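I would like the atomic coordinates for the input below:
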Amino acid sequence: MQDNATEVTAAGIARLAGVGRAAVSNWRRRHADFPKPVGGTETSPAFALAEVESWLRHQGKLAEVPLRERVWQQLVGHPEGPATALVHAGCVLLLIHDRPTVWLELGAVSDERLAARLPATLEQVIAPRFGLAGKRGVHASPAVRGVHTVLAAQGVHSQTGVRGVHTSLSGRGAPTVNDPESVNTLGAVNTPPGVHASPPTSGVHAASPTLGVHTTPVPPRVHSSPAVHSDSATSAVHAAPAVHTPTGPELLPSVPLLRGVAELAAEMGARQAYEFLVGRHLDANPRQYTLTPAELARLMGDLAGPARTVLDPACGTGALLRAIPVRGAREVERDDSERELYGQDSAPELAALTALRLALQGRNVVVRTAAGDTLRADAFPGLRADAVLCHPPFNERNWGHDELAYDARWEYGFPARNESELAWVQHALARLREGGTAVLLMPPAAASRRSGRRIRADLLRRGALRAVIALPVGAAPPYNIPLHLWVLRRPDKAPAQPEVLLADTGTVAEHGGRGGLDWEAVRTAVLDAWRPFERAGTAVEQPGVARSVPVIELLDDDVDLAPARHLPPATAGDGEHLSDVRERLGETLRLTVDLTPPAPAGHAEEQPGRWPLITIGELARGGALVMRTGGNGGHARVPVLTDQDVLAGTAPSGTLPESDEAAVRVAAGDVVVPILGGGSVARVVDDATAGAVLGRSLVLLRPDPAALDPWFLAGFLRGTANNRQASSYASTATRLDVRRLQLPRLPLDEQRRYGARFRALAEFEEALRHAGRLGGQLVRGMYDGLTDGTVAPD
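Purely as a prediction, here's the structure:
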């Protein structure tokens, strides 16, 4: 079957052919046989991918589409959308991961036969992996499992009519649109094929409108795990399992994609192939998804500690649950029993993606995810987990306040309408075993709003709230406020003299914006304060950073838990410290005077406009330099040089998720150029920065020393006029096309003469930055010292 169903835009054609969009527009005007649009709009037409590939090959403009690009274009051009395509691809990759020989046999048949035979085969993998075949911890009854299998064998998966097992989400209130967790969705969510929510039915016998299959529910026989409480038989009533076997008709348009995905799995592995596709989908939709940083997920996992049974009630794409496999690895090696990962999300496609990603992590993991509104339709009411990790939605007023007034989860008080975060806190505590730990990312207002003071007071009195940790600004979205981590524990007994750890990491690590947070410094500060407190129930005071506060001190009229209000000031105002800063500032200012460029002696002998020019693209094609782009983290944990680091002139401070694609390491003498933001910046990598990984939105230029001087290259790339002619402008952003930047053709000796002057300017610029930082420290320290009494006004 030809893949005419997959569409591609002009931008996709440009990527396939390695040209700009202007070239695609020219081809459409000049070539009468260029494929006609099959969809899209007049201003943004879409074309059939197969026709485009054929035309490009016929014109000699494309020898072969790279496999990854071809699969990606098939995914984004899927007629049912990329979310459905990702679910179908994940199901097949799970089959390849678990039963590779079965796929080899299926892949040899025609597209139509493959689509017809695949559902029954997928069912044999999906059912046991996601709890539809009576595995440990599954809550579906034998009767329900039988109906599920029969329908799937007939090429149709339907849960209509299974009353008392899957209740419609709409029957318990619409899911919230603002998705809460590692990934938040904006806008309405359409349920894709393969991710089904069941409509409610009435009566004892319910008939399927398509197959006429009648089912009579029977009391479920629950296969309980140690983490499932005795009332877990009701859990399947509240929300639908996230992953279901797609039908033959649903799979038919996906068959070309699935064959390409199988090739990709053979090249890089099933798990890595799925991570590539999901990661690229998330990167391609930055306004639709807001990711929780991987380092934050790692920190939350460290605070929770080793756990075998973990729940994320707002799982998104599973960033927090995916941080769990490394937890307690030694314990897992000593114990062959399965770990259990539970997740729920109001967006069905995200719940399905999470389940598939987790299942592809390994076979010794039980994965249970469900689609549904967690507060209104809890999928796991009987669960008693070792740990709960959660990034809930903030400031949600429509969280179920009116419907849930008498819910049993409000053990510490009924949350006010504007206290949705405290509802999530109590939900997390209700799903913990005694002694279990929950870690939630919270807005700072939740620690001090008066409407939540009674609940905060009860959490403190009963020993449930163990720590409130303020993170630096920029740790996670929203990036403009310092979010908090709350560490909670379901108390098995009330402590005699309870204390709570309050920590503030806002001053631990300087950062240069959204990508520049020093996570290693933050993680070290948090764990150095938490681990002694966890063992002993108290901790040594660290001025300005952490303090173990007796609960009785916090139980006033406000019950304000903001760490900054209870920590002793740091020693910024210490006289000796300020004298040292002042001395260093004086040395730096004297250095800036010495480095100040001399006044221009006159015009250059030859005007710059008369120089013969050459573009970076031409230099790259001629072998005078090598161009590389960043964005892949590789396997090694190495500091990442971000665009913010380059703009601010700071050391590498970012991180990237691990990937199987090799990371680009910078070397001394490389020139790094940011491509976003409109600034005229280029940085020559020094020995201190060498070895770092090249981050996103950066281009690396590695000049041949026999042809180009790196400082000459970096200096001319910073010219304002040069950057203007190489930039393109959108409504809200500026993007630099590095290939269009120009250099004058000069002999190497002349390049070095210019390079020496550019290098002196760079040293002067760095001295000014350093003086600014020291001046800021001195001013801030003087204000603090004068206001806290450590510095006299005389």
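
and D33, how many neighbours?
Residues lying near D33 (other CB atoms under 10 Å) number 8. Every C-beta, even on glycine, is put in place using the N, C-alpha and C of the backbone.

what's the answer for the one 5 residues further on, then?
For V38, the number of neighbouring residues by other CB under 10 Å comes to 16.

hang on, isn't it packed against A50?
No. Between V38 and A50 there is no contact under CB atoms under 8 Å: 10.5 Å.

biggest helix in the protein by residues?
Once the chain is assigned using DSSP state H, the helix that runs over the most residues is helix 748-788.

Tell me where the stretch 651-794 of the chain has strands.
Assigned by DSSP state E, counting those that start in this stretch, the stretch 651-794 of the chain shows strands spanning 671-674, 683-684, 693-694, 698-703, 727-729, 734-736, 742-744.

where among these is the average confidence lowest?
When these are ranked by mean pLDDT, strand 727-729 comes last with a mean of 77.

Could you pull out the buried residues of that strand?
By neighbour count on 16 or more other CB atoms under 10 Å, the buried set for strand 727-729 is S727.

coming back round to it: make JSON lines from the strands of the stretch 651-794 of the chain and add distance to V87 to it.
Listed next are those as JSON lines, based on distance: least, CB to CB, whole Å:
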{"stretch": "strand 671-674", "distance to V87": "36"}
{"stretch": "strand 683-684", "distance to V87": "42"}
{"stretch": "strand 693-694", "distance to V87": "32"}
{"stretch": "strand 698-703", "distance to V87": "33"}
{"stretch": "strand 727-729", "distance to V87": "35"}
{"stretch": "strand 734-736", "distance to V87": "32"}
{"stretch": "strand 742-744", "distance to V87": "47"}
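
Nearest approach to A546 belongs to which of the ones you listed?
Nearest to A546 among those is strand 693-694 (31.1 Å), distances taken as CB to CB.

Which elements pack onto the closest one?
The contact analysis (3 or more CB pairs under 8 Å, 6 or more residues apart in numbering; DSSP states H and E) places strand 693-694 against strand 640-641.

contact partners of the strand it packs on?
Strand 640-641 is contacted from outside by 630, 633, 652-656, 666, 672, 689, 692-695, 698, using CB atoms under 8 Å, 6 or more residues apart in numbering.

how close does the residue most central in space within the chain get to T317?
Nearest to the geometric centre of the chain sits L291, at 3.3 Å (CA atoms, centre = their mean). Counting by CB to CB, to the nearest Å, the separation of L291 from T317 is 8 Å.

still on that earlier bit, of the contacts of strand 640-641, the lowest pLDDT goes to which?
G633 (69).

circling back to that earlier point, quick check, the residue nearest to the centre of the chain in contact with R322.
No. L291 lies out of contact with R322 (CB under 8 Å); the separation is 11.8 Å.

Show me what stretch 92-101 is in contact with.
102-103, 118, 121-122, 124-126, 129, 258, 261-262, 265, 270-271, 273-274, 356, 359-360, 363.

rerun at 7 Å
By CB atoms under 7 Å, 6 or more residues apart in numbering, the surrounding residues in contact with stretch 92-101 are 102-103, 121-122, 125, 129, 258, 261-262, 265, 270-271, 273-274, 356, 359-360.

Please, a ChimeraX command that selects the buried ones among the residues you listed?
Buried subset of those, written as a ChimeraX selection, criterion 16+ other CB under 10 Å:
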select :103,121,122,125,129,258,261,262,265,270,271,273,274,356,359,360
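
Is D386 in a helix, a strand, or coil?
strand (DSSP: H, G, I helix; E, B strand; the rest coil).

neighbours of the closest residue in space to it that isn't next to it in sequence, just the number please.
Computed as CB to CB, 6 or more residues apart in numbering, the closest residue to D386 that is not its neighbour in sequence is A307, at 3.8 Å. Counted with other CB under 10 Å, residues neighbouring A307 total 23.

And A307, how far from T437?
8 Å.

what's the burial count for H97?
A count of nearby residues for H97, using other CB under 10 Å, gives 22.

Name the helix or strand for it, please.
helix 82-98 (DSSP states H and E).

Past that helix, which element shows up next along the chain?
That would be, after helix 82-98 and using DSSP H and E, helix 100-106.

anything in contact with each of A307 and T437?
Looking at what touches both A307 and T437 (by CB under 7 Å, 6+ apart), the common residues are A387.

circling back to that earlier point, just checking, what packs against the longest helix of the chain?
helix 575-595, helix 710-717 (3 or more CB pairs under 7 Å, 6 or more residues apart in numbering; DSSP states H and E).

mind putting these in JSON lines, mean pLDDT and mean neighbour count included?
Below are the helices and strands packed on helix 748-788 laid out as JSON lines (pLDDT from 0 to 100; neighbours: other CB atoms under 10 Å):
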{"stretch": "helix 575-595", "mean pLDDT": "81", "mean neighbour count": "14"}
{"stretch": "helix 710-717", "mean pLDDT": "94", "mean neighbour count": "24"}
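
Make TSV out of those and add distance to L459.
Formatted as TSV, these follow (distance: least, CB to CB, whole Å):
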stretch	distance to L459
helix 575-595	38
helix 710-717	55
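
Among those, which comes closest to H244?
Closest among the helices and strands packed on helix 748-788, using CB to CB: helix 710-717, at 53.3 Å.

so that closest one versus strand 698-703, what angle?
130 degrees (axes from the mean of the first three to the mean of the last three CA atoms, to 10 degrees).

Just the residues contacting helix 710-717, thanks.
Residues outside helix 710-717 that contact it (CB under 7 Å, 6+ apart) are 669, 671, 673, 682-684, 701, 703, 722, 741, 743-744, 751-752, 754-755, 758-759.

Quick one, which of those residues are buried?
The neighbour count (16+ other CB under 10 Å) marks 669, 671, 673, 682-684, 701, 703, 722, 741, 743-744, 751, 754-755, 758-759 as buried among those.

which residues touch V559?
Contacts of V559 (CB under 7 Å, 6+ apart): 453, 456-457.

Show only the entries of these found in strands.
Counting by DSSP state E, no part of the contacts of V559 is found in strands.

Most neighbours among those residues, please name it.
Result: R456 is most packed of the contacts of V559 (other CB under 10 Å), 26 neighbours.

Could you check the pLDDT of the closest residue to that one other than its chain neighbours?
Once flanking residues are discounted, R456 sits nearest to V559: 4.5 Å by CB to CB, 6+ apart. Looking at V559, its pLDDT stands at 95.

Quickly note the distance from D670 to D645.
14 Å.

The residue nearest to D386 belongs to a strand?
No. Counting by three-state DSSP, one finds A307 to be coil, located in no strand.

just checking, it touches V388?
No. Using CB atoms under 7 Å, A307 is not in contact with V388; the gap is 9.2 Å.

circling back: what are the bridge partners for the residue nearest to the centre of the chain, then?
Counting by DSSP bridges, L291 is bridged to V183.

From W424, how far out is it?
Relative to W424, and taking CB to CB, L291 is found at 19 Å.

how far is the strand or helix carrying Y342 from where the chain is centred?
According to DSSP H and E, Y342 maps onto strand 339-345. Strand 339-345 sits 18 Å away from the centroid of its parent chain (CA atoms, centre = their mean, to the nearest Å).

Just name whatever secondary elements it is in contact with.
In terms of contacts (3+ CB pairs under 7 Å, 6+ apart), strand 339-345 is packed against strand 309-312, helix 348-359, strand 365-371.

looking at those, which is buried most?
Highest mean neighbour count of the helices and strands packed on strand 339-345: strand 309-312, a mean of 29 (counted as mean count of other CB atoms under 10 Å).

Which SSE is immediately downstream of that strand?
Remark: after strand 309-312, the chain's next helix or strand is helix 319-322, criterion DSSP H and E.
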